[in-house]
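Q: Structure here, sequence nowhere to be found:
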C-alpha cells in the first residue's frame, strides 16, 4: 500500500486538514492528499481510500508483497485506525452536510409563557437556534404534516412513507395523547 515515508506524509496532510473545522471540502482534501501520496495512481488511491473508509487494516496480498517490512504494515494499520472515523465523518459532511443531524428542545421556565428553546444541528455542524411558543411548535408540526401529505402524492415518495409507518403511528399516538390531555 504505502511505505513509511508516504504514511508519514499522509499523516501530516490529514493532521493539517483536520486542524480546521470540518467542511464540505475536507473529504475532497483528504482524497487529494491520498492521490498525491500515491503519485497520481488512481487505482492505488482508491484502494487506500477504501481501506481507510471501511477500517480494513489487513493489506491484500499484492500490497503486502510491496510492503517488505512490518513497520510499513504496522504504520498503515495505525494510520487506518487513527483516521477511519474522521474520514467517514468528512465523507458524511461532504455528501449530507445540509441534512439534519440533531434536534433538541428545552422548556424555558417563564412565569407567564410556555416557551421552548430549540436547536437544530446539521450534519456539517452548523447550528440554528430559535425560541418558540406552543402555538409556534404546533404551526411547525402542522406545516410538516401537510408537507408529508403532499409528498405522498409523489410516486417515488410513497415507498418512503410506507417504510416509516411505525414512526407515523407513534406520532399519531402522541398527538392523540395530547388531544386527551387538552380536554
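A: Right, received. Where do you want to start? Bear in mind that the values here come from a model prediction, so they are computed numbers and not experimental data.
Q: worst-scoring helix or strand of this structure, pLDDT-wise?
A: helix 61-66 (a mean of 48; mean pLDDT, DSSP states H and E).
Q: Could you point out the helix or strand that follows it?
A: Reading on from helix 61-66 to the C-terminus, the next helix or strand found by DSSP states H and E is helix 70-96.
Q: contacting residues around stretch 89-105?
A: 17, 22-28, 30, 53, 116-126 (C-beta atoms under 8 Å, 6 or more residues apart in numbering). Yep, even glycine has a C-beta here, placed from its N, CA and C like the rest.
Q: 6 Å instead, please
A: 22, 24, 26-27, 30, 116, 118-124 (C-beta atoms under 6 Å, 6 or more residues apart in numbering).
Q: from the residues you listed, which is closest to residue 138?
A: residue 116 (11.2 Å; C-beta to C-beta).
Q: Residue 97: neighbour count?
A: Residue 97 is flanked by 17 other residues according to other C-beta atoms under 10 Å.
Q: my bad, should have said residue 107
A: Neighbour count of residue 107, defined by other C-beta under 10 Å: 9.
Q: Need the pLDDT of the residue nearest to the spatial centre of the chain.
A: Relative to the mean C-alpha position of the chain, the nearest C-alpha, by C-alpha atoms, centre = their mean, is the one of residue 92, at 3.8 Å. With respect to pLDDT, residue 92 scores 95.
Q: Ok, residue 182 next?
A: Value for residue 182, per-residue pLDDT: 89.
Q: mind pulling up the phi and psi values for it?
A: Residue 182 has phi and psi values of phi -80, psi -10 when expressed as degrees, to the nearest 10.
Q: Take the contacts of stretch 89-105 and write them to TSV, including distance to residue 168, neighbour count and secondary structure.
A: Formatted as TSV, the contacts of stretch 89-105 follow (distance: C-beta to C-beta, whole Å; neighbours: other C-beta atoms under 10 Å; DSSP: H, G, I helix; E, B strand; the rest coil):
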residue	distance to residue 168	neighbour count	secondary structure
22	33	19	coil
24	32	13	helix
26	36	22	helix
27	34	23	helix
30	38	23	helix
116	23	15	strand
118	22	17	strand
119	24	13	strand
120	21	15	strand
121	24	15	strand
122	24	16	strand
123	24	18	coil
124	28	20	coil
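Q: Taking those, tell me the two that lie furthest apart.
A: 30 and 116 (38.5 Å).
Q: so where do the helices sit in this structure?
A: 4-19, 24-37, 42-54, 61-66, 70-96, 134-151, 155-163, 165-181 (DSSP state H).
Q: quick one: stretch 79-99 to chain centroid distance?
A: 7 Å (C-alpha atoms, centre = their mean, to the nearest Å).
Q: Next: stretch 148-155.
A: Distance, centroid of stretch 148-155 to centroid of chain: 26 Å (C-alpha atoms, centre = their mean).
Q: Ends of it, what's the gap?
A: 13 Å (C-alpha to C-alpha, to the nearest Å).
Q: Thanks a lot, see you next time.
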